[in-house]
Each structure stands twice: as structure tokens, then as C-alpha cells.
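**Student:** Following is a predicted model, sequence given first.
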Amino acid sequence: MGADWATEDLERHGRAVLEALARHVRAARAGRGPVVRIPPPAQLAAHLGLPGVLAGPGEDALLGFLERYLDASTAMHHPAYAAHQVAVPDWPAALADLIHGVTNNGMAIYEMGPAATVVELAILDWMLERVGWPAGRRPGDPTGHPHGGGVLTHGGSLANLTALLAARAAAAPGAWRRGVPPGLVLLAPPSAHYSIGRAAGILGLGADAVQTLEVDGREVIRPDRIPAAVRRQRDAGRTVMALVASACATGTGLYDPLAEIAACCREAGVWLHVDGAHGASALLSRRERHRMAGVEGASSLVWDAHKMLRTSGLCAAVLVRDGATLEAAFQQEASYIFYGDAGGGVDLITRTVECTKAPLGLKLLLNLMVRGEEGVARYVEERYAAARRFHALIAARPEYEAPFTPQANIVCFRRQGSDDLQIRLREGLLRSGRHHISSTEVAGRRYLRLTLMGPATDEIVLSDLLDTLDVLAADEAAGSASTS
């Protein structure tokens, strides 16, 4: 077996791999088999033949390993998958991954991936337009021409970090070279994604620099309390580097009131960053876009395509209203890669942490090319509507409660009983493999959490989920009675 590969090997094995993947998706969509398996790692490694396969048993072993791997994978296309905010990817995005696997064009430098760069710029302009911001600057644009900006990154956590780097550059221009001055703080609700606190640590602010905004009982920001919060920080000699709002919150799926928050930030001269990783896709829907009203008043926005735009991981956009702010986020020199003209193109490395950056825009481009913007928007609307229907199912069962009407495709609910019961019920679902949901806390109480990502998830599946929880709860009660 040679060190190189022949195209006929790609065709032969590629065809077999695609057939295996198609069988996997068909079985998952039909609900055959468990949605999730969670065996101990040592048991799973043995099932996969690890570490033995590392010795190179040859290409003939590939398909056998793939079948075992798919069998052990969480079945994202299964109707009972409703756990995490990970897309059930559409097939055009999957093909984009295959295309990149063969072409391998890293594209933070224009000459390394010109086609991928042009695709990314087109996707960014499309997103900027949906937000209500001007398109990005291109070589030859007149100086001072208003322009937005953006870049695609490998995930929302990295996107939030990048946006806050731009906010830091605006608040403390010398921080890149001289270090972070004392007193920089972030204002964020307690429901903010964990990556906000992580970014504060990475940026040198320290996690304690994330100051908590006042929220209502649903953990939604109270705009009327923002002016006082900003004044308190300034009276204490601190500088508010940015205020972070959620659209929507990861745990609850609720949107912060962006228009009112933007007005407060504009009045106070504070950078508003909107974490719209999950919920910004509502911008595509005439029915749901009102939930993003006011986002055009933000300074920056994160929008993940690998959540509600059905791309495979990862494809997250960092968007800024003023493109110059993102261009100021990174200030670096390296003679082997930063040296002047991009040959008439655009070097995205000046906007991003990554150098070897995959052509992330191709995933979304192919989805839009095949499904159209209306098709993608329809998916968003259908998943949001499915959450409201599930909420109605809960309302018809007195043994369940839900704290609020869902605004996205995320529903928090709980069965009557303790917080520990909610945890044990979810663990029972995981052991059975019949349904896959998650859990969260809202205002100090533990809830079961449903995230409706899959097009195949319908009312029959959701009713079965509640029926299954009823059985598990009855088993819990019987077990408690027998030990008392």
C-alpha cells in the first residue's frame, strides 16, 4: 500500500462510505434503534477495536469500523433527539465537509483558498444585510466608506471571544501591546453562555470582571435597570467594555428585549454585543424576526449556522456594524504571513484567531443554494412552532409545569417533584436510549429541557416522551415506597 492515494480509491471507498451514511440516516429518521447510547468508555473502545485499529489493519477494515462507529454515535436524525443545540445537518452541508476533506484549502490567507474566501465574504454580506448593517469593505472601496464586517469561526465560543476582542480594542486601544488596564468590566445576565465568562478570563479581564445584570423571573434582562448598572460601574472607577445580551438564552430559549437594551447602550456609549448564536436565525422568518427587533443597534452579533441553519459543525459568524472595529481586534506582525498586498484579495487572518481556517461558508452556501432562503426560514418557523405545540401538550397534563411560553425551539418543563427527580428522570431516559433531552436551571430550579432540532420530531414522538417520563416517575415512586 503506497503512501499516496489514487482517485479510484476515493471513488470506491467514498461510494461505500456514502452508502453506509445514507443507511444510518434512513434508520435514524425512521426511529429504528436507540437515539443515544452511553456505555463506559472502555467498553466503547473495545467495541470500536481501539487501540488495535491504530496498528493499520488496512483499508478493508474501514467499512467494518465505520459501521461500528455509526452504531455507537448519537443519532442526530432520530425523531427522539431533542437534547442539545446542535444542528441535524442537511445533506448539502455534509457534502461541503467532503469537499473540504479533499481540497483542504485553509483560507485565512487569500492565496491559500481564494474560492473559499469569496464564498465566505458573500455569506457574511448576506448575513450583514439580514441584520440591517452595510456590507463589508472590499479592496478599492473609497476611504471612509461605511461598511460592516465579519468573519466565520469554528464555533460560537470562539466567535464570542473574537467579538469581545473587538470591544476591548474599542474600549482600551493599547491593551494588545501594553496589557489590559485595570477596571474593564462586562455586563451580562446570569443566563449568558459560559463562553462569555471564559472569554473574560482569556482576555485578561478575569472572570470576576463579568458583572451581573438584573433580570426578571425568567432570567431576561431588565432594560430599566441598565442605566443604574452602568452608573455603578463608572462611579466605582470602572469602564464598561461591553454589555452582553442573549438572543436567545441558551438555557431557556428566551430573547432579551434588544431594542430597549440597544437604546440604553446608545445613550450610555456602551458597546452592545448580542449573542445570537442560536436565535439570530429568526431574522430569516417574516413570522419570527420580530424577536430580533433592535439588533441593528448593536455593535456586534454572533450567529451560528451550525444551530438553526442546518450546517454541520462548525460555522459561526462574528458580525460587526462597523468593520473597522473588527479589523482593530488583532494587531500582529509575522513576516512569513503578514506582508502587505493580498494580490487584490482579502486576507481574513487580520480578523480571526485561526490561520488554518476551513472553508466554513461553503456549508451554508450549499444549504442556501439547494433549499433557498425561504426553505431555511421555513425550517426555523416549523421548529419554533413545534416548541409551542409541545408546550400545549404539557399544559394538558397537570402533573407537569412549564415556566413560560417558548419563544424559540427550546422548552423548559418539569414533572411535579424535587429537583433531584428531574435529574433522575433524564438519567432514566438516557439509560433507555428511547429519548434524548437535556436539563437546566431557571431561577434556581431544575428543569428538563427540550431543544427541537430535528425535522422528524412530531407530536407522536413528543407525546411518547411524556408517556415515558410518566412511567419513569411511577417507577421512581414505587422504588421510594419500597425503601421507606
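**Tutor:** Looks like it arrived, so ask away.
**Student:** any low-confidence regions in the protein?
**Tutor:** Scanning the chain with the threshold set as pLDDT under 70 gives 1-3, 140, 142-144, 334-343, 481-484.
**Student:** now the strands for it?
**Tutor:** 149-153, 184-188, 210-212, 239-246, 272-275, 300-304, 316-320, 400-401, 410-415, 438-442, 445-451 (DSSP state E).
**Student:** Take those and lay them out in TSV including mean neighbour count.
**Tutor:** Glycine gets a C-beta too; all of them are placed from N, C-alpha and C. Listed next are the strands of the chain as TSV, based on neighbours: other C-beta atoms under 10 Å:
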stretch	mean neighbour count
strand 149-153	29
strand 184-188	24
strand 210-212	16
strand 239-246	26
strand 272-275	28
strand 300-304	30
strand 316-320	29
strand 400-401	16
strand 410-415	25
strand 438-442	18
strand 445-451	22
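**Student:** Pipe those into JSON lines and attach distance to residue 254 per row.
**Tutor:** Shown next, in JSON lines, are the strands of the chain (distance: least, C-beta to C-beta, whole Å):
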{"stretch": "strand 149-153", "distance to residue 254": "25"}
{"stretch": "strand 184-188", "distance to residue 254": "15"}
{"stretch": "strand 210-212", "distance to residue 254": "17"}
{"stretch": "strand 239-246", "distance to residue 254": "8"}
{"stretch": "strand 272-275", "distance to residue 254": "13"}
{"stretch": "strand 300-304", "distance to residue 254": "17"}
{"stretch": "strand 316-320", "distance to residue 254": "21"}
{"stretch": "strand 400-401", "distance to residue 254": "16"}
{"stretch": "strand 410-415", "distance to residue 254": "8"}
{"stretch": "strand 438-442", "distance to residue 254": "9"}
{"stretch": "strand 445-451", "distance to residue 254": "12"}
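**Student:** Out of these, which gets nearest to residue 81?
**Tutor:** strand 445-451 (9.1 Å; C-beta to C-beta).
**Student:** So what are the sheet partners of the closest one and their directions?
**Tutor:** Here strand 445-451 has these sheet partners by DSSP bridges: strand 410-415 (antiparallel), strand 438-442 (antiparallel).
**Student:** For residue 185, give the beta-bridge partners.
**Tutor:** Under the criterion used (DSSP bridges), residue 185 bridges to residue 240.
**Student:** From here on, call the first residue 31.
**Tutor:** That works, and once the first residue is 31, the last one we named lands at residue 215.
**Student:** My read is that it contacts residue 274, right?
**Tutor:** No: counting by C-beta atoms under 8 Å, residue 215 stays clear of residue 274, with 11.2 Å between them.
**Student:** Please identify the buried residues of stretch 247-265?
**Tutor:** Neighbour-count burial for stretch 247-265, counted by 16 or more other C-beta atoms under 10 Å, picks out 249, 250, 251, 252, 253, 256, 259, 260, 263.
**Student:** would you turn these into JSON lines with distance to residue 341?
**Tutor:** Below are the buried residues of stretch 247-265 laid out as JSON lines (distance: C-beta to C-beta, whole Å):
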{"residue": "249", "distance to residue 341": "28"}
{"residue": "250", "distance to residue 341": "28"}
{"residue": "251", "distance to residue 341": "29"}
{"residue": "252", "distance to residue 341": "34"}
{"residue": "253", "distance to residue 341": "33"}
{"residue": "256", "distance to residue 341": "34"}
{"residue": "259", "distance to residue 341": "36"}
{"residue": "260", "distance to residue 341": "37"}
{"residue": "263", "distance to residue 341": "38"}
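**Student:** just these now: which is nearest residue 454?
**Tutor:** Residue 454 lies nearest to residue 249 out of the buried residues of stretch 247-265, by C-beta to C-beta, at 24.3 Å.
**Student:** Next, the contact list for that closest one, please.
**Tutor:** 219, 220, 221, 279, 281, 282, 284, 472, 473 (C-beta atoms under 8 Å, 6 or more residues apart in numbering).
**Student:** ok, now residue 381?
**Tutor:** Applying C-beta under 8 Å, 6+ apart, the residues contacting residue 381 are 179, 180, 181, 192, 348, 356, 357, 359, 360.
**Student:** could you redo the last one with a cut-off of 10 Å?
**Tutor:** 138, 154, 166, 179-183, 192, 195-196, 348, 350, 353, 356-360 (C-beta atoms under 10 Å, 6 or more residues apart in numbering).
**Student:** before we move on, the earlier item: which among the buried residues of stretch 247-265 gets closest to residue 442?
**Tutor:** Distances from residue 442 to the buried residues of stretch 247-265, taken by C-beta to C-beta, are shortest for residue 249, at 10.4 Å.
**Student:** Please consider this matter closed, and thank you.
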